[in-house]
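Starting from these lines, generate the structure:
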Amino acid sequence: MPPSVVSGAMLQCSFGMAPSSLIALPTSRVMIESRPAATVQDTITGLNIPPFGMCSSLANPVVAAATSAALGVLTPMPCVPAVIGRWVPGAPRTMIGGVQSLVAGSICNCAWGGVITILQPGALRTQAN
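Model (predicted):
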């Protein structure tokens with residue numbers, strides 16, 4: 001069983017240049033190890049998933065424009081994640097407010113081609129089923 005993910009979990013985007021921390025809001029009132037539990041729906045840019053420093057994806061129009069202006073030299077620009085869909089997979093049997101719990105090993109995708117992974121789930125002793 002993979003560990004449960006809580007607010008403060010460390011995230012990384014495959015095109016980002018710095019890690020970021022997941023922000024799970026305490027709306028469900030479910031706490032794990034004194035922190036709000038995360039669900040597969042915690043994918044709102046800026047609210048749940050902060051930027052990852054600089055973005056190096058040429059699929060990102062801002063990066064593509066800056067790279068073009070630099071005569072083809074890759075020019076990373078500030079990251080603004082454009083998350084599409086939910087985290088997958090979620091916990092098969094653990095639900096929080098009718099939504100699957102988020103577990104270590106889940107991923108979500110950015111519209112600019114990045115894959116966002118969970119580096120450290122935040123909860124060390126609690127596992128979801």
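
Every contact and neighbour count from this point should use C-alpha atoms.
Will do.

Helices of this protein, start to end?
Counting by DSSP state H, the chain has helices at residues 61-69.

Any regions of it where pLDDT drops low?
Residues of the chain meeting the criterion pLDDT under 70: 1, 125-129.

Grab the nearest non-local neighbour of residue 33.
Of all residues not flanking residue 33 in the chain, residue 123 sits nearest, at 6.5 Å (Cα to Cα, 6 or more residues apart in numbering).

ugh, wrong one, I meant residue 28
Nearest non-adjacent residue to residue 28, counting by Cα to Cα, 6+ apart: residue 97, 6.2 Å away.

so the one you found sits right up against residue 27, yeah?
No. The pair residue 97 / residue 27 is not scored as a contact, 9.4 Å apart, by Cα atoms under 8 Å.

which one of these two has more residues nearby?
Shown here are residue 97 and residue 27; by other Cα atoms under 10 Å, residue 97 has more neighbours (12 against 9).

Now the more buried one, what are its backbone angles?
phi 60, psi 30 (degrees, to the nearest 10).

Can you tell me how far it is from residue 10?
Look at residue 97 and residue 10: by Cα to Cα, to the nearest Å, they are 23 Å apart.

and what of residue 116?
For residue 116, the distance to residue 10 - Cα to Cα - is 10 Å.

State which strand of this structure is the longest.
strand 115-127 (DSSP state E).

which neighbours does it have in its sheet, and in what orientation?
strand 3-13 (antiparallel), strand 107-110 (antiparallel) (DSSP bridges).

higher neighbour count, residue 116 and residue 10?
residue 116 (23 against 18).

which residue of this structure sits farthest from its center?
Residue farthest from the centre of the chain, counting by Cα atoms, centre = their mean, is residue 71 at 31.9 Å.

Distance check, that one against residue 17.
Distance, residue 71 to residue 17, using Cα to Cα: 22 Å.
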